[in-house]
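S.K.: generate a structure from the sequence data that follows.
(one chain, ligands or ions: 1)
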Amino acid sequence: MKPDRFAIQSEQSGSMMYQEETMAQKYLIHIGNSGEDYTCDAELNLLRGMEVLGRRGIPVGCRGGGCGICKVAIQSGSYEARKMSRDCVSAEEEASGVVLACRVFPRGEMSLTVVGKMVKALERGVEKKGASLDAPVPAMPARPAN
Ligand code: FES
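M.R.: Numbering: from 1, shown residues only. Next up, the predicted model:
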C-alpha cells in the first residue's frame, strides 16, 4: 500500500510541506466460529494480521497458500485475494467467498468463519473456554390463539 501524502503548512515559513502518512489502514475482522474480533492491517494478510497480535483463531500452516489449513468462508466485507493453490480452493469455492486466509488482504471490515481442516480443533477450544457455538436458538413465543 502506497502511503498517503498530506499537505501541511510550515509554522516557520508558512510554505506548504508534504508529509507521508505511514500509518496503514486497519480493519476489524470477526471470526464467527469463536466470536472473536481482531484488527488487521491492510498490508497484512488475514492470517498474519492475527498472528502479529499474538491471537489464535484461524489455524496456521504453511502461510503460503499451499496447505489449505487456513481456509475460511467470507460472510461479508471487501478484500483482495492473491493467487492460491487450486488443490486447496477450487475456482467455484473462491467465487463463493471460500479462500485461504494467508492469501487474503482486508479492504474493509470483514466477517468470516473457519472451514478448513482444523475447524473442529478451533471449535473444541472455544467450547472448553465456555463459549457455545451450538447454543440452541430460543424458540419464538407462541402466538396467542384468537
Ligand atoms: S497456511 Fe497453508 S494455505 Fe494458508
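S.K.: for this structure, which segments count as helices?
M.R.: 46-52, 91-95, 119-128 (DSSP state H).
S.K.: which residues touch stretch 86-93?
M.R.: 65, 66, 67, 68, 71, 98, 99, 100 (C-beta atoms under 8 Å, 6 or more residues apart in numbering). Placement of C-beta: from N, CA and C, glycine included.
S.K.: can I get these in a markdown table including distance to residue 25?
M.R.: Shown next, in a markdown table, are the contacts of stretch 86-93 (distance: C-beta to C-beta, whole Å):
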| residue | distance to residue 25 |
| --- | --- |
| 65 | 23 |
| 66 | 28 |
| 67 | 28 |
| 68 | 28 |
| 71 | 25 |
| 98 | 25 |
| 99 | 20 |
| 100 | 22 |
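S.K.: that older thread, mean pLDDT for the helices of the chain: which is lowest?
M.R.: Here the lowest mean pLDDT among the helices of the chain goes to helix 119-128, at a mean of 68.
S.K.: quick check: residues of the chain near the ligand?
M.R.: 60-63, 65-70, 88, 100, 102 (C-beta under 6 Å from any ligand atom).
S.K.: start and end of stretch 76-85, how far apart?
M.R.: 23 Å (C-alpha to C-alpha, to the nearest Å).
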